[in-house]
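**Q** The following comprises the amino acid sequence and a computationally predicted model.
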Amino acid sequence: MKLHTALTIAGTDPSGGAGIMADLKSFQSRNVYGMAVVTSVVAQNTTGVHHVEHLSLESIEKQLHDVYSDIMPQAVKTGMIALPEMMDLIYPYVSKPIPYVMDPVMIATSGDRLVSDEAVHFLKSKLIPIATVITPNRNEAEVLADMSITCESDITTAANRILQDLGPQVVIIKGGHIGENATDYAFTKDGNVRTWTSPKYDTVHTHGTGCTFSAVITAELAKGRDVMDAIGIAKDYIALAIKYNPALGNGCGPVNHMAYGLLSNGPETMDELLKNDERR
Ligand SMILES: Nc1ncnc2c1ncn2[C@@H]1O[C@H](COP(=O)(O)OP(=O)(O)OP(=O)(O)O)[C@@H](O)[C@H]1O
Ligand SMILES: Cc1ncc(COP(=O)(O)O)c(N)n1
């Protein structure tokens, strides 16, 4: 059996909700063989980030070498890359001719800062220009476009600035933190604009939503799917994953990576499915 392959280069989350752990769960759920290069080991859970240890450049380089010299990924995504030196190291790997999804992770849902100011500068000048897709949330789009975003027309202005000044192929400004519904806006270099909307679920359990959304896009691009179709699948996946979140932990809990695979083709509810599973 031939499987498509995808790689994530990011930080960890031992509680399993965000970072590399969310990425691998997303790849697996979309039937893609997942690989992972760890940049930083982060002690975090649903209540926040408690400790961060960056791996050495030597360790990151050796991990990258071991992946690329053996199993070539068909798409790659980056998440938390905390330091400019790490970005410098990663640059030649993500500039290979495969789709590259960049989630410009800056601050965790808990409000903790995950990358340095210098790293943000490097992100803008080096990694974003070679990205196929970038997936900023509202705050990240504000930093990248150097303006505040308070309404829909600001989103268009910010996206156009990002496309023109920084040069990715597609920018998706995610609406988890804007407006009454969860509307995501994709703008392409050649002038196309598309939106996807789901209800905004009234829940605190959104830890790792950005990681999951960008990882599903990466998995679909690894299969050779068109970018807009990949975004559509990621949107349906994250909406169900949030709606049927398992309410774990004492803070902002993780999402449900089983929901899309189980529910996207049928009318059953998650509760009915779990009951059926227990009977087996
Ligand atoms: N409460 C919600 N209900 C429905 N969809 C949501 C909700 N919150 C976020 N989303 C969706 O989840 C995806 C991630 O968006 P969000 O703006 O939360 O990204 P993010 O802030 O980078 O995520 P993270 O919480 O991982 O930092 C988007 O598709 C967004 O529309
Ligand atoms: C290693 C790592 N990468 C990314 C995030 C952002 O995810 P969230 O904002 O949902 O906490 C995180 N918390 N940890």
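**A** Here it is on my side, so go on. Ligands and ions are numbered 1, 2, ... in the order given.

**Q** Write out the residues of the stretch 101-250 of the chain neighbouring ligand 2.
**A** Residues of the stretch 101-250 of the chain lying close to ligand 2 (Cβ under 6 Å from any ligand atom) are 105, 108-109, 207-211. Quick note: C-beta positions are derived from backbone N, CA and C, even for glycine.

**Q** For those residues, point out the one with the lowest pLDDT.
**A** Of all these, Thr109 carries the smallest pLDDT score, 71.

**Q** What segments of the stretch 51-200 of the chain are strands?
**A** Ranges of strands within the stretch 51-200 of the chain are 75-78, 100-102, 133-134, 170-173, 182-188, 193-198, based on DSSP state E, counting those that start in this stretch.

**Q** Show me what the fifth one is packed up against.
**A** This points to strand 182-188. Applying 3 or more Cβ pairs under 8 Å, 6 or more residues apart in numbering; DSSP states H and E, one finds that strand 182-188 contacts helix 152-161, strand 170-173, strand 193-198, helix 227-243.

**Q** for the ones you listed, which one sits closest to Ala18?
**A** helix 227-243 (12.6 Å; Cβ to Cβ).

**Q** Show the average pLDDT along the helix or strand following the closest one.
**A** Moving toward the C-terminus from helix 227-243, the first helix or strand encountered (DSSP states H and E) is helix 259-263. Regarding helix 259-263, the rounded mean pLDDT is 88.

**Q** how far out from the middle of the chain is helix 259-263?
**A** Relative to the chain's own centre, helix 259-263 is displaced by 19 Å; criterion: Cα atoms, centre = their mean, to the nearest Å.

**Q** Any residue of it touching ligand 1?
**A** No: Helix 259-263 stays clear of ligand 1 (Cβ under 6 Å from any ligand atom), getting no nearer than 12.3 Å.

**Q** So which residues make contact with stretch 80-88?
**A** 9-11, 19, 39-40, 42, 52, 54, 57, 60, 90, 105, 114-116, 118-119, 121-123, 126-127 (Cβ atoms under 8 Å, 6 or more residues apart in numbering).

**Q** Go through that stretch and flag the buried ones.
**A** Within stretch 80-88, the residues that count as buried by 16 or more other Cβ atoms under 10 Å are 80-84, 86-87.

**Q** of all these, which two lie farthest apart?
**A** Farthest pair in the buried residues of stretch 80-88 (Cβ to Cβ) is Met80 and Pro84. Separation: 13.6 Å.

**Q** Would you confirm that Val41 belongs to a helix?
**A** No: looking at Val41 with DSSP: H, G, I helix; E, B strand; the rest coil, it is strand, so not inside a helix.

**Q** Show the contacting residues for it.
**A** By Cβ under 8 Å, 6+ apart, the neighbours of Val41 are 11-12, 52-53, 55.

**Q** bridging residues for it?
**A** Beta-bridge partners for Val41, by DSSP bridges, are Glu53.

**Q** Can you tell me how far it is from Thr188?
**A** Distance of Val41 to Thr188, computed by Cβ to Cβ, to the nearest Å: 36 Å.

**Q** swap in Tyr237?
**A** With Cβ to Cβ as the criterion, Tyr237 and Thr188 are 21 Å apart.

**Q** quick one, which of the two is more surrounded?
**A** A count of neighbours by other Cβ atoms under 10 Å puts Tyr237 above the other of Tyr237 and Thr188, at 26 against 17.

**Q** How about the residues of the chain by ligand 1?
**A** 109, 137, 174-177, 182, 184, 198, 200-201, 203, 206, 208-211, 213, 235, 238-239, 242.

**Q** Drop anything exposed from those residues.
**A** So, of the residues of the chain next to ligand 1, 109, 137, 174-176, 182, 184, 198, 200, 206, 208-211, 213, 235, 238-239, 242 end up buried under the neighbour-count rule (16+ other Cβ under 10 Å).

**Q** hang on, Val49 in a helix?
**A** No: under three-state DSSP, Val49 sits outside any helix and is assigned strand.

**Q** What sits closest to it if chain neighbours are left out?
**A** Distance criterion Cβ to Cβ, 6 or more residues apart in numbering; nearest residue to Val49, sequence neighbours excluded, is Asp112 at 3.8 Å.
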